[in-house]
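Asker: pasting a predicted model and its sequence here:
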Amino acid sequence: MARSIDYGNLMHRAMRGLIQSVLRDVAENGLPGAHHFFITFDTTHPDVAIADWLKQRYPSEMTVVIQHWFENLDVTDKGFSVTLNFGNQPEPLVIPFDAVRTFVDPSVEFGLRFETHNDASEEDEEEDEEGGDGDDDPPPPRDAQVVSLDKFRKS
């Protein structure tokens, strides 16, 4: 059996380690300056723990903002938990690092995006279902929005 280096997996682990380090520092020292985070995660991940009403509202993906009001930020080797305010209703969230899809700090134009094998498989399945009939119909709208890092870049 041929052995190869799985650079994609190694890069994902390194990027998740970076997020872990940043969140640990914030848990210990608070957010410095204008830093804040947009974190998008897969709500279907088996280890995600969110309120039922949030799961119903965001059945596949959710983006949270860690900025002005958050408490109980606790970071482990596997993920993090935090309490955020949703319309004056504090809600605890448990988010494993494996569920994180994007991590963006727009104050310094920094962002990470995690591609998963499932994402590629779903795209392949969608292409197969469309059958390549030549129609240029746009893909159906999706529930989640992707934040483009270009809008945070200075011209």
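Answerer: Arrived safely.

Asker: any chance you could map the helices in the protein?
Answerer: 7-29, 52-57, 117-130 (DSSP state H).

Asker: please enumerate the strands of this structure.
Answerer: 37-42, 61-66, 70-75, 79-85, 90-96, 100-105, 110-113 (DSSP state E).

Asker: could you tell me the end-to-end distance of stretch 93-100?
Answerer: Using Cα to Cα, to the nearest Å, one end of stretch 93-100 lies 13 Å from the other.

Asker: how far does that stretch sit from the chain's center?
Answerer: Centroid separation between stretch 93-100 and its chain, computed with Cα atoms, centre = their mean, to the nearest Å, is 8 Å.

Asker: likewise for stretch 58-78?
Answerer: 10 Å.

Asker: lowest-pLDDT helix or strand in the chain?
Answerer: Within the chain, confidence by mean pLDDT, DSSP states H and E is lowest for helix 117-130 among all helices and strands, at a mean of 42.
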